[in-house]
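Need coordinates for the below:
(2 chains)
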Amino acid sequence: MLTRSFLNTPFAALAEMDRLFESMAAGCPPFAGAGLRPRGALLYPALNVYEDDANLYAEAELPGLALSDIDVSVTGDELTIRGKRQISLPEGAASLRRERPAGEFERTISLPVEIDVDRVEASLTHGVLLITLPKARSAQPRKVEVRAPIRPS
Amino acid sequence: MNSTTNQIQESGHSPVVRRPGSAQSPAQSAAPVPSQWTYRPNVDIVDTDAAIEVYADVPGATGDSIDIAFEQDILSIEARVQPRRHETWTPVADEFGVGNFHRRFQIDAAIDPDAITADFDAGVLKITLPKAKQAQRRRIPVRA
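Below you'll find the model as predicted:
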């Protein structure tokens, strides 16, 4: 299963891990269908997802990229992040350490609630991508007013 | 290329270090989350003939939150990262921690410390450590 090309392309390796994990997660109730995995899974980019009443927030560390290198797409309840990181180091220089991930990546997660696709926003600040995903109206908690019973006077 | 692989050594243990006084991981607490962990940034290091260049991924840091020191052949990189999670946000998935970055290297090449420069852009820190000018090779005449 491990071929040379597999080892030479970190993101391909990560994608393979992703697939493996996906198949494992399918049989594993806590993560089945959630599309969200435990800490330590080898996926790129790693994502932190938060929510409040109005939005979901997905955050990824993508240092060295411009917003134009990143493609964010949302369909209903799936979020996909695609991109490419090119690292150019001085030519002819001897490499002493190569740790930074480079190449193409793609990751899709399913979101726990329906999203208002038209109002999704993404920003990139100092290498941190933040995607704001407004929840569809139907997915937002609704405040129900509790009326006091009318008392007979 | 010349054998330069031994010019850079990891110095001290800088992998993920727990800070004193942090009882909880950020994901568990509902309050605004201060940086409680320190992380080891990924680096590329190259040796051009003129300099050692260090590229470190420090996403979330800013130019003025980074301290770089070079003393007795030890290059120390420290980047402070402000917590980004709003206090009203509840974690749904927690795949990476957010905290300060720290890493140290021992550089065995002769460096001109006054000429070290650093640039920061889009979460990437580039440090250029120009090599000291080699002592000129001189021919010593032998007197007879």
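
going forward, measure contacts between C-alpha atoms and count neighbours the same way
Noted.

check contacts around residue A:115.
By C-alpha atoms under 8 Å, 6 or more residues apart in numbering or on different chains, residue A:115 lies in contact with A:76, A:77, A:133, A:134, A:135, A:136.

got those residues as CSV, with distance to residue B:141 columns?
Compiled in CSV, the contacts of residue A:115 are given as follows (distance: C-alpha to C-alpha, whole Å):
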residue, distance to residue B:141
A:76, 83
A:77, 81
A:133, 77
A:134, 81
A:135, 83
A:136, 86
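
and the least confident of those residues?
Within these, residue A:76 has the lowest pLDDT, namely 76.

Tell me which helix or strand residue B:127 sits in.
strand B:124-130 (DSSP states H and E).

quick one: that strand to chain centroid distance?
Here the centre of strand B:124-130 is set off from its chain's centre by 9 Å, with C-alpha atoms, centre = their mean, to the nearest Å.

and that strand, C-alpha only, in PDB?
Once non-C-alpha atoms are left out, strand B:124-130 reads as follows in PDB (Å, rounded to 0.1, in the frame of the first residue of the first chain):
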ATOM      1  CA  VAL B 124       5.400  32.800   8.300                       C
ATOM      2  CA  LEU B 125       8.600  34.100  10.000                       C
ATOM      3  CA  LYS B 126      11.800  34.200   8.000                       C
ATOM      4  CA  ILE B 127      15.100  34.600   9.900                       C
ATOM      5  CA  THR B 128      18.300  35.200   7.900                       C
ATOM      6  CA  LEU B 129      21.500  34.500   9.700                       C
ATOM      7  CA  PRO B 130      24.400  35.700   7.500                       C
END
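
what's next to that strand, contact-wise?
Contact partners of strand B:124-130, identified using C-alpha under 8 Å, 6+ apart, comprise A:63-64, A:127, B:50-59, B:111-113, B:115-120.

Give the buried subset of those as a PyMOL selection command.
Per 16 or more other C-alpha atoms under 10 Å in any protein chain shown, the buried members of those correspond to this PyMOL selection:
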select buried, (chain A and resi 63+64+127) or (chain B and resi 51+52+53+54+55+56+57+58+59+111+113+116+120)
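
Pairing partners for the strand holding residue B:127, with directions?
strand B:51-57 (antiparallel), strand B:117-121 (antiparallel) (DSSP bridges).

Give me the pLDDT for residue 112.
Looking at chain A here, since you left the chain open. At residue A:112, the model reports a pLDDT of 91.

ah, no, chain B please
On pLDDT, residue B:112 comes in at 92.

excluding its backbone neighbours, what's nearest it?
Closest residue in space to residue B:112, ignoring its immediate chain neighbours: residue B:132 at 4.5 Å, by C-alpha to C-alpha, 6 or more residues apart in numbering or on different chains.

That neighbour contacts residue B:114, doesn't it?
No - contact between residue B:132 and residue B:114 fails when scored by C-alpha atoms under 8 Å: they sit 9.8 Å apart.

Which one of those two is surrounded by more residues?
Set residue B:132 next to residue B:114 and count neighbours by other C-alpha atoms under 10 Å in any protein chain shown: residue B:132 wins out with 15 against 10.

Please list only the buried members of the contacts of residue A:115.
For those, buried by 16+ other C-alpha under 10 Å: A:133, A:134, A:135, A:136.

distance of the third one from residue A:72?
Here the distance between residue A:135 and residue A:72 works out to 17 Å (C-alpha to C-alpha, to the nearest Å).

got the residue ranges for the strands in the chain?
Just going to use chain A. Secondary structure of chain A (DSSP state E): strands at A:48-51, A:55-61, A:70-75, A:78-85, A:94-98, A:103-110, A:121-125, A:128-134.

look at chain B instead
Going by DSSP E, chain B shows strands at B:8-10, B:17-18, B:37-39, B:43-47, B:51-57, B:66-71, B:74-79, B:90-94, B:100-107, B:117-121, B:124-130.

Let's have those strands in CSV, adding distance to residue A:99 and mean pLDDT.
Shown next, in CSV, are these (distance: least, C-alpha to C-alpha, whole Å; pLDDT from 0 to 100):
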stretch, distance to residue A:99, mean pLDDT
strand B:8-10, 13, 82
strand B:17-18, 19, 41
strand B:37-39, 14, 90
strand B:43-47, 5, 96
strand B:51-57, 9, 96
strand B:66-71, 20, 96
strand B:74-79, 16, 96
strand B:90-94, 23, 93
strand B:100-107, 13, 96
strand B:117-121, 18, 97
strand B:124-130, 13, 96
